[in-house]
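Novice: Below: sequence and its predicted model.
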Amino acid sequence: RDEAWHYTSLRPLAETRFAAPVAVAAMLPGRLPAVDAPRLIFVNGRFDRAASTLPAQAAVRVGAPAYGALARPEAEAMVALNTMLAEDGASIEVAAQQDGGTLLLASLGSGAAGEPAGFHPRHAVRLGAGASLTLLEVALGEGAYLHNPVTEVTLEAGATLTHLRLQDESAAAFHMGTLYVAAAAGASYDSFSLNLGGRLARSEVHARLGGEGAIAHLNAAQLLAGTQHADFTTVVTHAAVACASRQTVKNVLAGRARGVFQGRIEVTRGAQKTDGYQMNQALLLSPDAEANSKPELEIFADDVKCSHGATVGALDGEQLFYLRSRGIPEADARAMLVRAFLAEALDPLAHEAGRAMLEAAVERWWERQAA
């Protein structure tokens, strides 16, 4: 009965009994991307200091979790659950006018023998005026568990955060992530999310552009197979003059997978010169796959440029025939066309290590489908 959850049922989650997470050794090495950067490792929701490498820069401070004012537990059920049960998390701060470089934030989940584990980390990221940071966020695991993180991002005037997220949880896991972003004047939030894993997954983003000239890019790709269900939901609020937002979300769905995109652009009164764009494209690799798309515009200003669109279809038969007529096997031809479909989403990524991390994850996904 909750419209925001119309396409995603939490019944499988409600029917699962979760136990308190147990302490397990970090699943290293080999599980994390080879990124030459400081790393914060959380295992079953708890900070693993031995496996982590804290930033050496004085400009970057990492501390215990902080509960800011951005989250709305009164309105979001999974955020309320996190607020009630959160026990650990990271607080990342970059001083004004400083470059924080690259930081890896990784969550490793492991289901306990018997009952699945449930953990609810609470993270906060704050960039001072004119500061910058590239945050690579990775979620991996094995077995059955619930990973329900909440992250609050605050960007002061002129700050720039590049946020690349890889969700490749265990096939038996539940992933419910909620992200809040508040961007001041001239701030930029540039994100890309790649959703590959999980039995049931939802990535929800609430971004508020509260200062003149703020920018938000919320791009994503979801590659799903089997009976996976993944939901990418965004709410972008333009609350100031001359703000811009871009959303390009691509779904590749095989087997009986179901991919959901819900995106809403809200333009408040007085938020003139708004520029908002939203596009969702789904590629169905199976007649049993399903894509649900719900783009929305809610505009209370008259001098704006906002648009949205959605497409759903199968691989182009003529393109597939062209490749096969050149001697390319059907499986390889299909893979080439899907990679070309995804390339448009990955090409704009300027951070080389982050892009390599995501491309390697896509390759692993293809290997799993071929196995």
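Specialist: Received, thanks.
Novice: Going along the chain, name the strands of the stretch 51-200 of the chain.
Specialist: Remark: strands of the stretch 51-200 of the chain, listed N- to C-terminal, are 60-63, 91-94, 99-110, 117-119, 122-127, 132-142, 145-147, 150-155, 160-168, 174-183, 188-195, 200-209; assignment by DSSP state E, counting those that start in this stretch.
Novice: Confidence-wise, which of the ones you listed is weakest overall?
Specialist: Lowest mean pLDDT within these: strand 60-63, at a mean of 74.
Novice: Grab the CA positions of that strand and hand them over as PDB.
Specialist: The C-alpha coordinates for strand 60-63 follow below in PDB (Å, rounded to 0.1, in the frame of the first residue of the first chain):
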ATOM      1  CA  VAL A  60      40.900  13.600   6.000                       C
ATOM      2  CA  ARG A  61      39.400  12.600   9.300                       C
ATOM      3  CA  VAL A  62      37.700   9.200   9.900                       C
ATOM      4  CA  GLY A  63      35.800   8.600  13.100                       C
END
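Novice: In a helix, L358, correct?
Specialist: Yes - L358 sits within a helix when classified using DSSP: H, G, I helix; E, B strand; the rest coil.
Novice: who's in contact with the spatially closest residue to it that is not a sequence neighbour?
Specialist: Setting aside the residues directly before and after it, L358 is nearest to L194 in space (Cβ to Cβ, 6 or more residues apart in numbering), at 5.1 Å. C-betas here are computed from N, CA, C, even on glycine. Contact criterion Cβ atoms under 8 Å, 6 or more residues apart in numbering gives R165, L166, Q167, D168, A220, A221, Q222, L223, L358, A361, V362 as the residues in contact with L194.
Novice: Return the closest of those with respect to D303.
Specialist: D303 lies nearest to A220 out of those, by Cβ to Cβ, at 29.0 Å.
Novice: Identify the bridge partners of the closest one.
Specialist: Residues found in beta-bridge contact with A220 (criterion: DSSP bridges) are S193, V249.
Novice: low-scoring stretches of this protein, by residue?
Specialist: 23-30, 58-59, 63, 112-114, 371 (pLDDT under 70).
Novice: Can you lay out the strands of the stretch 51-200 of the chain as CSV showing distance to A239?
Specialist: Output for these, formatted as CSV (distance: least, Cβ to Cβ, whole Å):
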stretch, distance to A239
strand 60-63, 29
strand 91-94, 24
strand 99-110, 26
strand 117-119, 33
strand 122-127, 19
strand 132-142, 23
strand 145-147, 31
strand 150-155, 14
strand 160-168, 18
strand 174-183, 10
strand 188-195, 14
strand 200-209, 6
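Novice: Show me the one of those strands that comes nearest A335.
Specialist: Distances from A335 to each of those were compared by Cβ to Cβ, and the smallest falls on strand 188-195, at 17.0 Å.
Novice: Against I265, how distant is the residue located most distally from the centre of the chain?
Specialist: Each residue of the chain has a distance to the centre, and by Cα atoms, centre = their mean the biggest one is for S325: 38.4 Å. Relative to I265, S325 is positioned 43 Å away (criterion: Cβ to Cβ, to the nearest Å).
Novice: How many residues are close by A225?
Specialist: Burial measure for A225: 19 neighbouring residues, criterion other Cβ atoms under 10 Å.
Novice: Excluding chain neighbours, give the residue nearest to it in space.
Specialist: For A225, ignoring the flanking residues on the chain, the nearest one in space by Cβ to Cβ, 6+ apart is A254 at 4.2 Å.
Novice: Test my guess that that neighbour contacts P287.
Specialist: No - A254 sits out of contact with P287 when judged by Cβ atoms under 8 Å, with a separation of 10.8 Å.
Novice: So those two - more neighbours on which side?
Specialist: Each of A254 and P287 has its neighbours counted (other Cβ under 10 Å); A254 has more, 19 against 7.
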